[in-house]
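1. Okay, structure incoming, though there's no sequence with it:
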């Protein structure tokens, strides 16, 4: 019998405030996390692989997980990564940081979407890059605007090195890059020698139709580094993801000084996840996630429509965790946030997601953390907050 | 019932060659790795912490593991890290890389021991540092030589930024820094504003007496960053370690752009390991490791004494994984290696452990991977190789 000592220091990242429904947290609902499946898989991995689950791991990640990924990507995306074109990562935050370390030097021009994932902006900024924003709309990145910017940059002698983009179920807007734009984007990037850093973490959470093909799957070789993850499809605490890219980049990520000494990233966890995947649990888990998060999306969207005035524009996402609300021109999200917190709900104001702090006439609502009844209540409180501002 | 697909890509880092007893691998013996304890702890962690084991983890690592470490360090080393002076790492290779990233800039002078851990040299080199070697002897780093070098560097206007050292059960020599030198080293470092990067991975594998106090435990605040690990005390595939240092450095390692987005490193594994530790299994496992590896050390030392000519100097380590053999002046380890491989054994020549490729009149033998009978056979083959050179 195990008797752990009581914990005083925090265990998890998330904090909560009594009485506050905080839709700023883009975290999965702990109640939905697959505790039992991980329990089974941990035992199975140690039964099946024995000490191989505890030795120094293969640098690119353990074969069984790589092979499951290769087969799955091949089936779903109609492009098969060679075994040297895929590697296990420690999640997308780690992968983005590592790829930036390998492909950029301080001062390089790197493009991002406006708006974009605010915590990725922090990682990008830590690399001392020259960051520039490309506008987006309901169909995702405006590729025509990107083309103009790339030409201007090239003419000024400072061509862009990379583009960080979230084309599928965007954070924060929920938008998905249209098929036409996907094709145009990869062609433009190939022509302009622009490396696309594709953050593909929400792919498995598609609610209305299968997720569109990744940019990686439709691009010429070497154009896209796609960062996939088990954080949303299984659990974020696993700290596990994968990279598909050209073999040179993948091998530099996977076979380096750190893995040469310490072996592959999160080897034990990677074999546990391999067991979740090969057992069939992965497909059952993601199907359950899709059903539940789709219901939550629908509940939130419905409640927002009922609670918010008609000049608040609610964007319905096809997948992922986020609803983006554009406010009337005279309303600032930062001001609304004060009123919302007084009413007992919270959100992330749009200005958090831009390089220059613009975009404060929008806000992000995460529907991942709370059950539908709480989302409906949060929408009601947001409506009260809107009315309390008038 | 789980039916994983057959694996074609490798699972682990280690490879083997039929018929070769390869004492170059400084890996734990897979047969000794605590598969059953990890199986129990995985189930217990998910039972006890539930979804908290799968959420985004606290940036510095989960409280229960930090608290067990704090209590253990306090009891064993007579110095208690404050909770902001300790963080969980992804193992020592990752920790060394991260600390170097935070405390050095390209061109900085960083000192290493001659010889030193060859794969750490690769990590150090990847940071584009000016590396310089300080000699060692049977009592570890020659602190007088370090003092002279530091003075010379300071006078030339390029003071050393840091020293990477393995004071306890050194890799590759097995030597342990004497108590007098420990005290002198931390005082010198404090006076010279030299940051000591203490690689403390073998502490738990002490065979003749308890391990000496870490440099961190006896140094003034801010002088030492001590990197400890579960790779040798439990299993390397866990990719888990810890850092004790001043709070500024620890917090920069733990609370940064990557953990701000993705949460703490290896959160799930860290809670599994917390269960191994708090259950009492950790102490039982390390006691069993000490007993078995001590027996292997003794077997190898005895067999080497019987097999090697008297002008081969065999250094008995007080802990860790390695026996260091100094060859007669006229014998080169690289040449001996060819003969050894012909006899069916292998080792790492001393030149691998130096900055300039010198030191080839010594070799490293790891006694961790093979049972005693195989070590005895390897020593016999080495003796045959020596005689075949004559």
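-> Great, that's in hand. Predicted model, so just to flag it, every value in this text is computed and none were measured.
2. Going toward the C-terminus from the longest helix that chain A contains, what's the next helix or strand?
-> Counting residues, the longest helix found in chain A (DSSP state H) is helix A:281-307. Tracing the chain past helix A:281-307, the next element assigned as helix or strand by DSSP states H and E is strand A:313-315.
3. average pLDDT for that following strand?
-> When pLDDT is averaged along strand A:313-315, the result is 98.
4. Spell out which residues of the stretch 101-250 of chain A are next to chain B.
-> A:119-120, A:122-123, A:125-126, A:231, A:234-239 (C-beta under 8 Å from any C-beta of the partner chain). Using the backbone N, CA and C atoms, a C-beta is placed for each residue, glycine as well.
5. let's see 7 Å
-> Within reach of chain B by C-beta under 7 Å from any C-beta of the partner chain, the stretch 101-250 of chain A has these residues: A:119, A:120, A:122, A:123, A:126, A:235, A:236, A:237, A:238, A:239.
6. dump the residue contacts of the fifth one.
-> Taking C-beta atoms under 7 Å, 6 or more residues apart in numbering or on different chains as the contact definition, residue A:126 lies against residue B:257.
7. The stretch 201-350 of chain A: strands as residue ranges?
-> In the stretch 201-350 of chain A, the strands defined using DSSP state E, counting those that start in this stretch lie at A:224-229, A:241-244, A:313-315, A:322-326, A:345-346, A:348-349.
8. Quick one: those as CSV, columns for distance to residue B:21 and mean neighbour count too.
-> Below are the strands of the stretch 201-350 of chain A laid out as CSV (distance: least, C-beta to C-beta, whole Å; neighbours: other C-beta atoms under 10 Å in any protein chain shown):
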stretch, distance to residue B:21, mean neighbour count
strand A:224-229, 41, 26
strand A:241-244, 36, 26
strand A:313-315, 65, 15
strand A:322-326, 57, 22
strand A:345-346, 63, 24
strand A:348-349, 59, 22
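9. Mind putting those into TSV with distance to residue B:11?
-> Below are the strands of the stretch 201-350 of chain A laid out as TSV (distance: least, C-beta to C-beta, whole Å):
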stretch	distance to residue B:11
strand A:224-229	21
strand A:241-244	16
strand A:313-315	44
strand A:322-326	37
strand A:345-346	45
strand A:348-349	41
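10. Among those, which comes closest to residue B:17?
-> Ranking these by proximity to residue B:17 (C-beta to C-beta) places strand A:241-244 first, at 30.8 Å.
11. that older thread, what about the longest helix of chain A, distance to the chain center?
-> Centroid displacement of helix A:281-307 relative to its chain, using C-alpha atoms, centre = their mean, to the nearest Å, is 17 Å.
12. try stretch A:103-116
-> On C-alpha atoms, centre = their mean, the centre of stretch A:103-116 falls 17 Å from the chain's centre.
13. before we move on, what about stretch A:10-28?
-> Using C-alpha atoms, centre = their mean, the offset of stretch A:10-28 from its chain centre is 18 Å.
14. what residues does it touch?
-> Contact with stretch A:10-28 is made by A:171, A:232, A:236, A:321-322, A:344-348, A:365-366, A:368-370, A:374, A:377-378, A:381, B:49, B:52, B:55-59, B:62-64, B:263, as judged by C-beta under 7 Å, 6+ apart.
15. Show the average pLDDT along it.
-> 97.
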